[in-house]
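Q: need a 3D model of the sequence below.
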Amino acid sequence: MIKSIDKAFEVEFNLHRVNEFKELVENRLNEKRGQILINYQSTDFTGKDTSLKLEQKSIDDIIDGYFFFNQSAPTMNAMNKVLVDFCTQKSAFPVINKIFPEEFRGVNDSFYSNALSFLIQLERSTERLNYVPSWLSTGIDVSVCSLIEHLIKYLLTYFDGDDARKVILLASSVYKRIYKILAVLNPGVNYSSELRHLLTRYNESEFSWGQILSSPQNNLLNEINNLSILATDKFVKNFTVGQGRFNIELAKQHLKALWSLEINLLKKNPRYLQLLQEKDLGELYPTECSSVIYDNLGHTCLCVIKQHKRWMDYVLNNHKTEICKLEKYGSWAAKQLMESEVMLDAGIICKAEPSNRFFFGDDEVQKELCLLYGYH
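A: Numbers count the residues shown, from 1 in each chain. Alright, predicted model coming up:
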């Protein structure tokens with residue numbers, strides 16, 4: 001089509017004709033949008049059904065890969081089926097030990113929401129386990145139910161009482177924010193994401209789901225995610241010493257250095273927020289506010305729980321204060337639960353303390369990041 005346009009306008013000398021043609025093409029394309037949407041709805045794209053692909057994946061692929069990303073309900077169910085089948089048909093130990101090892105591992109918010117979803121599904125198939133990690137049990141009760149209860153307590157309180165795993169989660173969040181800042185400020189990163197988009201266009205079929213989802217912006221966001229996952233994994237390895245011991249104070253010191261780097265980057269680039277808005281990456285994840293003023297860990301936990309009445313009733317009866325606090329930290333899932341009869345009757349009053357929850361009591365850093373990100 002482009003070659004035909006080149007040929008048609010090779011000897012044109014009237015600019016009015018060019019404007020007429022632009023208007024004609026634009027109107028015609030606008031008219032075709034409806035037909036294109038109809039075609040999209042009726043097309044059987046290849047690779048769209050991730051459930052079929054997941055059936056062929058190993059537990060390593062799922063836990064070390066898919067667990068680190070927010071998943072749709074069908075994908076989450078497919079992951080759970082593979083893991084639960086492995087537990088019931090072979091052994092639960094490799095799965096439980098990989099997700100919740102005694103030593104420390106790299107994780108993020110999505111990892112724990114997927115892990116919680118798996119445990120809830122596992123409980124429907126088996127009641128007791130031969131092994132549970134010590135940090136998620138009392139040492140006596142080895143039921144899946146007890147494991148879920150202990151995990152929920154940690155997820156709703158941002159691992160209050162477990163500073164090591166809290167530091168790892170905070171590192172994951174700050175790495176993601178820093179890599180996003182660098183990606184927005186460095187045009188060279190955009191070039192690689194655009195190149196990957198062109199490779200997708202060239203290599204994959206027009207009927208593939210990958211073609212529909214591919215864009216330079218999506219590739220850039222994926223790269224930010226991947227870099228933050230790798231950085232968190234390295235963070236854990238750097239501060240884990242013999243016999244799985246974690247150097248918490250050294251890790252906290254490094255975390256503070258990361259916050260300082262983030263603050264300096266934002267101060268040196270005061271137009272960052274405007275640049276971010278103009279780039280229009282289309283990101284759904286709340287990167288800038290997560291673990292600054294917003295508790296995404298607790299929110300995603302509640303989103304999983306809300307799908308299961310038994311566990312929704314459990315948190316309403318046993319974690320009223322935590323739900324109230326999560327509502328203060330911006331969770332719409334917590335807000336919905338706050339409107340339930342159980343919560344209204346409880347009359348609980350609480351307040352948000354983001355500096356304690358996300359910055360180990362450092363008010364100055366928390367307030368400075370809030371100001372730089374535009375949260376007053």
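Q: low-scoring pLDDT stretches of the stretch 101-250 of the chain, where are they?
A: Applying pLDDT under 70 to the stretch 101-250 of the chain flags residues 189, 191, 197, 201-203, 205-214.
Q: rerun that using 80 as the cut-off
A: Under the criterion pLDDT under 80, the flagged ranges of the stretch 101-250 of the chain are 139-141, 187-216.
Q: in the stretch 51-200 of the chain, which spans are helices?
A: Using DSSP state H, counting those that start in this stretch, the helices found in the stretch 51-200 of the chain span residues 59-64, 73-89, 93-99, 109-123, 144-156, 163-185, 187-203.
Q: go through those and name the closest to Lys53.
A: Closest to Lys53 of those is helix 73-89 (C-beta to C-beta; 8.5 Å). Where C-beta positions appear, they are placed from N, C-alpha and C, glycine not excepted.
Q: buried ones in that closest one, by neighbour count?
A: The neighbour-count check on helix 73-89 (16 or more other C-beta atoms under 10 Å) flags Thr75, Met76, Ala78, Met79, Asn80, Val82, Leu83, Val84, Phe86, Cys87 as buried.
Q: how about these in JSON lines, adding distance to Met1 and pLDDT?
A: Output for the buried residues of helix 73-89, formatted as JSON lines (distance: C-beta to C-beta, whole Å; pLDDT from 0 to 100):
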{"residue": "Thr75", "distance to Met1": "37", "pLDDT": "88"}
{"residue": "Met76", "distance to Met1": "42", "pLDDT": "92"}
{"residue": "Ala78", "distance to Met1": "41", "pLDDT": "92"}
{"residue": "Met79", "distance to Met1": "43", "pLDDT": "94"}
{"residue": "Asn80", "distance to Met1": "47", "pLDDT": "96"}
{"residue": "Val82", "distance to Met1": "45", "pLDDT": "95"}
{"residue": "Leu83", "distance to Met1": "49", "pLDDT": "97"}
{"residue": "Val84", "distance to Met1": "51", "pLDDT": "97"}
{"residue": "Phe86", "distance to Met1": "51", "pLDDT": "96"}
{"residue": "Cys87", "distance to Met1": "55", "pLDDT": "96"}
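Q: tabulate those (a markdown table), appending distance to Leu275.
A: Output for the buried residues of helix 73-89, formatted as a markdown table (distance: C-beta to C-beta, whole Å):
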| residue | distance to Leu275 |
| --- | --- |
| Thr75 | 33 |
| Met76 | 34 |
| Ala78 | 38 |
| Met79 | 36 |
| Asn80 | 40 |
| Val82 | 41 |
| Leu83 | 41 |
| Val84 | 45 |
| Phe86 | 46 |
| Cys87 | 47 |
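Q: out of these, flag the one nearest to Cys301.
A: The closest of the buried residues of helix 73-89, once distances to Cys301 are taken by C-beta to C-beta, is Met76, at 13.4 Å.
Q: need the contact list for that closest one.
A: Asn114, Ser117 (C-beta atoms under 8 Å, 6 or more residues apart in numbering).
Q: how is this protein partitioned into domains?
A: The chain is divided into the following domains under automatic domain parsing: 2-42, 50-156, 163-287, 296-351.
Q: mind putting these into CSV with distance to Gly361?
A: Shown next, in CSV, are the domains of the chain (distance: least, C-beta to C-beta, whole Å):
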stretch, distance to Gly361
domain 2-42, 51
domain 50-156, 19
domain 163-287, 11
domain 296-351, 15
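Q: and of those, who's closest to Lys367?
A: Nearest to Lys367, of these and by C-beta to C-beta, is domain 163-287 at 10.8 Å.
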